[in-house]
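Participant: Return atomic coordinates for the entry below.
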Amino acid sequence: MRSKFAPCLYTALTTTLAFGSMMGSRIVPVEDFGLMMCLGIVVSFFVTYCVFPSVLLLLPTGQVSRTALKQIAATTIFSNIVKQHPKLIIGLSAFIFAISVFGVSKITFDNRFTDDFDSDTEIHKGMQYIDQHLGGTIPMDVYLKFEPFKPIAEEDDFFSADEFPQRYWFTLDMLDKIAAMHSKIEQHPSTGKVVSLHTLQAITIELNNGKALNQTELAFVLGALPQSVREQILNPYAKPSEGIVRINTRISETGPRFSKDLMIADLQQYATSELGLTKDSVVVTGMMVLFNDMLKQLADSQLRTLAYVVLATFLMFSLLSRSLLLALLALIPNIIAATAVMAFMGFAGIPLDMMTITIAAISIGIGVDDATHYLHRFNEEYRNAADIRTAVERAHQTIGRAMYFTSMIIVVGFSILAFSNFLPTVYFGLLTALAMLLALIANLTLLPALLIKLYK
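Facilitator: Purely as a prediction, here's the structure:
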């Protein structure tokens, strides 16, 4: 227990740090997930160093099983390859990292809620039916701001006698701009049903034998509408006192893929350049925009905290190994492994979502556990052998075995998530398992190869 306390403590801290990075996302479900994982790690560390040893002391003394002493073929193979071809491993790792950087650049945020469920689930079928027959699933609103309605002081008596004086705020020029934006939204291939004041205007044109109303006729029609009707067809789409009109639409999630950022930018650019509105007079919002912004906010927080995770891990490695060089060498394999997993997402076309966006920090935080234990054992063997290649071989034969089994247990544990019907959970489980597998391979190949060539 005394021998392994330091590496186990550092691995617990780095893993806690990885999951703790989620608590800075400012997204409650992600924060809760990170908090629960941190608490689980603390409890696990307590059980491992208090409960488990206590149980062992209560068991009768036995003999060491032959199976426990048997070498693992994988670690033996990795040990032989590392001793014979360290330069080849380093060069191949550099090549993989270069390709991985390119793959990371292909990752997108263009995910769709319907894609989160298998096509044979009731949720996917229901959303597909709504998209195809009921106008779309994800709401989006475009707000246009004009001069607010203000009664003229000398005409207060006139306005007070009018049941609906705000009717004079609706001008033909305003309706033309609303109609233009309404049509612009309808032109997008993923747009479903669009409703705005232009819908009411189109109805009046149809009832007026295809002729548009002039300003006087428009004011007369709006004033003639009963109060109950105005509340239903005007109030949801216009607020004259604040000068705001609303265009509501629903986006088809099962239609062609598109960039939400490009769609929002296109609508804002059209309103400013074609309709003559100011940038502050156009607001695109709704569930589609909010969900997209949430993912970008989460990505930003993860990128910032990832740097802290790497820095904190480097400091912990430095304290454990008492060497800045060893700390740097231990980080390299795990960074490459995490980058390779993110690159796989880019090449496979898997977009970032609330689950997959956290994989980089988690894979580094958990992956460095193997490097921590390997470096701790390597230092012990190097002090006894005074030869790097011998120390590497002995480290593979001893701690390499433990790394293999613990990593395989983690891989199997996360792979269980593949049985979920929620695809982000499936991706999170399989990609995290892949990250752990790559981290194991990197720590048993690249890390010892770097030690052989660079550590003296």
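Participant: Looks to me like residue 245 is in a strand.
Facilitator: Yes. Membership of residue 245 in a strand is supported by DSSP: H, G, I helix; E, B strand; the rest coil.
Participant: correct me, but it touches residue 235?
Facilitator: No. Look at residue 245 against residue 235 with C-beta atoms under 8 Å: they stay out of range, at 11.5 Å. Every C-beta, even on glycine, is put in place using the N, C-alpha and C of the backbone.
Participant: give me the number of residues near the closest residue to residue 425 other than its chain neighbours?
Facilitator: Nearest residue to residue 425 in three dimensions, chain neighbours excluded: residue 417, at 5.2 Å (C-beta to C-beta, 6 or more residues apart in numbering). Counted with other C-beta atoms under 10 Å, residues neighbouring residue 417 total 19.
Participant: ok, now residue 257?
Facilitator: 13.
Participant: And residue 99, by the same measure?
Facilitator: Count around residue 99 with other C-beta under 10 Å applied: 13.
Participant: I figured it hits residue 346, correct?
Facilitator: No. Contact criterion C-beta under 8 Å: residue 99 and residue 346 do not qualify, at 10.4 Å.
Participant: Next, show the common contact partners of the two.
Facilitator: Common contacts of residue 99 and residue 346, defined by C-beta atoms under 8 Å, 6 or more residues apart in numbering, are absent altogether.
Participant: before we move on, back to that, neighbour count for residue 245 and residue 235, which is higher?
Facilitator: Between residue 245 and residue 235, counting by other C-beta under 10 Å, residue 245 is the more crowded of the two (23 against 9).
Participant: Run through this protein and note the low-pLDDT ranges.
Facilitator: 25, 65-70, 151-162, 302, 305, 456 (pLDDT under 70).
Participant: Scan it for its longest helix.
Facilitator: helix 287-321 (DSSP state H).
Participant: Packing partners of it?
Facilitator: Contacts defined by 3 or more C-beta pairs under 8 Å, 6 or more residues apart in numbering; DSSP states H and E place helix 287-321 against helix 2-20, strand 138-145, helix 260-273, helix 324-348, helix 359-385.
Participant: buried ones in the fourth one?
Facilitator: This points to helix 324-348. Judged by neighbour count (16 or more other C-beta atoms under 10 Å), helix 324-348 contains these buried residues: 326-327, 329-346.
Participant: go on, stretch 62-81?
Facilitator: 72, 74, 75, 78, 79, 81.
Participant: Would you mind measuring from the closest residue to residue 365 other than its chain neighbours to residue 309?
Facilitator: Distances taken as C-beta to C-beta, 6+ apart put residue 18 closest to residue 365, at 2.0 Å, once the chain neighbours are dropped. Remark: distance between residue 18 and residue 309 (C-beta to C-beta, to the nearest Å) = 6 Å.
Participant: Mutual contacts of those two, please.
Facilitator: Counting by C-beta under 8 Å, 6+ apart, the contacts common to residue 18 and residue 309 are 361, 364, 365.
Participant: looking at the helices and strands packed on helix 287-321, which is buried most?
Facilitator: Burial of the helices and strands packed on helix 287-321 is given as mean neighbour count (mean count of other C-beta atoms under 10 Å); helix 359-385 ranks first at a mean of 23.
Participant: What is that helix packed up against?
Facilitator: Using 3+ C-beta pairs under 8 Å, 6+ apart: helix 359-385 touches helix 2-20, helix 287-321, helix 324-348, helix 388-397, helix 399-415, helix 423-454.
Participant: I'd like the ones you listed laid out as CSV, including distance to residue 355.
Facilitator: Output for the helices and strands packed on helix 359-385, formatted as CSV (distance: least, C-beta to C-beta, whole Å):
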stretch, distance to residue 355
helix 2-20, 13
helix 287-321, 10
helix 324-348, 12
helix 388-397, 34
helix 399-415, 12
helix 423-454, 4
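Participant: just to revisit the earlier point, of the helices and strands packed on helix 287-321, which is nearest residue 39?
Facilitator: helix 2-20 (9.3 Å; C-beta to C-beta).
Participant: Can you name the element that comes right after the closest one?
Facilitator: Of the helices and strands lying after helix 2-20 in sequence (DSSP states H and E), the nearest is helix 28-46.
Participant: got the angle between that next one and helix 359-385?
Facilitator: Relative orientation of helix 28-46 and helix 359-385, computed by axes from the mean of the first three to the mean of the last three C-alpha atoms, to 10 degrees: 20 degrees.
Participant: Remind me what helix 28-46 packs against, helices and strands.
Facilitator: Here helix 28-46 touches helix 2-20, going by 3+ C-beta pairs under 8 Å, 6+ apart.
Participant: neighbouring contacts of the helix it packs on?
Facilitator: Residues from elsewhere that reach helix 2-20, judged by C-beta under 8 Å, 6+ apart: 33-34, 37-38, 41-42, 44-45, 48-49, 308-309, 312-313, 316-317, 319-320, 361-362, 364-366, 368-369, 372-373, 376.
Participant: do stretch 298-305 as well
Facilitator: With contacts defined as C-beta under 8 Å, 6+ apart, stretch 298-305 is touched by 21, 24-27, 30, 109, 352, 354, 357-358, 360-361.
Participant: and the residues you listed, which are buried?
Facilitator: 21, 24, 25, 27, 30, 109, 352, 354, 357, 358, 360, 361.
Participant: could these go into TSV alongside distance to residue 386?
Facilitator: Output for the buried ones among the contacts of stretch 298-305, formatted as TSV (distance: C-beta to C-beta, whole Å):
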residue	distance to residue 386
21	40
24	45
25	48
27	52
30	48
109	53
352	48
354	51
357	46
358	43
360	38
361	38
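Participant: quick one on the thing from earlier: quick check: which of the helices and strands packed on helix 359-385 is nearest to residue 250?
Facilitator: helix 287-321 (9.0 Å).
Participant: got the contact list for the nearest residue to residue 107 once chain neighbours are set aside?
Facilitator: Spatial nearest neighbour of residue 107, excluding adjacent residues (C-beta to C-beta, 6+ apart): residue 346 at 4.4 Å. By C-beta under 8 Å, 6+ apart, residue 346 lies in contact with 103, 104, 105, 106, 107.
Participant: Could you dump these into a markdown table and include neighbour count and distance to residue 269?
Facilitator: Below are these laid out as a markdown table (neighbours: other C-beta atoms under 10 Å; distance: C-beta to C-beta, whole Å):
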| residue | neighbour count | distance to residue 269 |
| --- | --- | --- |
| 103 | 19 | 31 |
| 104 | 19 | 29 |
| 105 | 9 | 25 |
| 106 | 13 | 26 |
| 107 | 21 | 25 |
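Participant: So which of these sit within helices?
Facilitator: Per DSSP H, the contacts of residue 346 map to helices at 103, 104.
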